[in-house]
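# Here is a sequence together with a model predicted from it:
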Amino acid sequence: MLDKVAQVRLLVVGDVMLDRYWFGEVSRISPEAPVPVVKVERIEERLGGAANVARNAAAVGAKTALLSVVGDDEAGRTLLRLLSDGEINAGLHVDRNIDTTVKLRVIGRQQQLLRIDFETIPSHEILDAKLAEFELRVAECDVVILSDYGKGGLTHIAEMIRLARAAGKPVLVDPKGDDYAKYAGATVITPNRSELREVVGRWSSEDELFAKSQKLRTELGLEALLVTRSEEGMTLFAADGTHHQAAHALEVFDVSGAGDTVIATLAVMLAAGADWAEAIRTANVAAGIVVGKLGTAVVTRDELAAAL
């Protein structure tokens, strides 16, 4: 099925951010406060949020477009450059009233010591313009991913789902928060274990998880609900029952961005013609590879082919 991936046209919409990493050595504690002093030796900038989803889809070979909002600032221009370098067709609407979302991570001795976030919510005018562009772009894609990081970029998500489904396109949603009603009508949503718990409450057995997940899937009118469960792997709840994949990671180094890899791989495989079982098996293998890398990383098509 990987040989068909190059024909897939994928549209990612959502909250983009710039992931900055300051790497350095820690050799002493500050005399001002009981905190480590990091002597920064290297700085890296990577695509984050919905941009990392797009980067993952492009890395496995899909023709990838991205629709989002950035500020009129250096971080926004850096995102555009990185997207261009990754051969991603970026439609970034510039909102001069906001700062581009930046997550700054300070790394010492391969350990994350601190994260600092910079973010503001986009204006209604820019979001309306983005919705209008979405209507045009959705006709040109095979599958849509809506990547919700709760930063305000998907205010019109219910309308986007309606437009995409009316055009016959599968819609995959990476959800955020405790209000899943806005995701009604999507093809599949991909919460992690803690995100699902926020919505359906705790469970004490696999049977209880099955009942709660199927109830939520039915209420929202979804074809499927995919729960990523860290060391427990991932489970897909669909109308015809469940499909479970055990965790595939050989070594867990960094789980940040693993959800982006899962939804990107799942979308690409479904659009390439895979069934649910094959799609989640491939997504699970991809997740197992990416958690062995530092930071928001990607899995290439060659890496995936070698691991399958």
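Thanks, I have it.
# give the contact list for the most centrally placed residue in the chain.
Nearest to the mean C-alpha position of the chain, by CA atoms, centre = their mean, lies D260 at 2.9 Å. D260 makes contact with 49, 52-53, 56, 147, 174, 296, according to CB atoms under 8 Å, 6 or more residues apart in numbering. Glycine gets a C-beta too; all of them are placed from N, C-alpha and C.
# Distance-wise, check it relative to A158.
Look at D260 and A158: by CB to CB, to the nearest Å, they are 22 Å apart.
# so who does E119 touch?
So E119 contacts 17, 99, 101-102, 151 (CB under 8 Å, 6+ apart).
# Return a PyMOL selection command for the buried portion of those residues.
A single PyMOL command selects the buried members of the contacts of E119 (16 or more other CB atoms under 10 Å):
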select buried, resi 17+99+101+102+151
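# Next, format the contacts of E119 as JSON lines and append pLDDT.
Below are these laid out as JSON lines (pLDDT from 0 to 100):
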{"residue": "M17", "pLDDT": "95"}
{"residue": "D99", "pLDDT": "94"}
{"residue": "T101", "pLDDT": "96"}
{"residue": "V102", "pLDDT": "97"}
{"residue": "K151", "pLDDT": "90"}
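# Turn the contacts of E119 into TSV, including distance to L226.
Converted to TSV, the contacts of E119 look like this (distance: CB to CB, whole Å):
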residue	distance to L226
M17	23
D99	33
T101	25
V102	29
K151	22
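# Just the ones in strands from the contacts of E119, please.
Per DSSP state E, strands hold the following members of these: 17, 102.
# State the pair within the contacts of D260 that is farthest apart.
D174 and T296 (13.8 Å; CB to CB).
# And the strands in the stretch 201-308 of the chain?
224-228, 234-238, 241-245 (DSSP state E, counting those that start in this stretch).
# between the second one and strand 224-228, how big is the angle?
It stands for strand 234-238. 170 degrees (axes from the mean of the first three to the mean of the last three CA atoms, to 10 degrees).
# tell me the angle of strand 234-238 relative to strand 241-245?
Using the same axes, to 10 degrees: strand 234-238 against strand 241-245 is 160 degrees.
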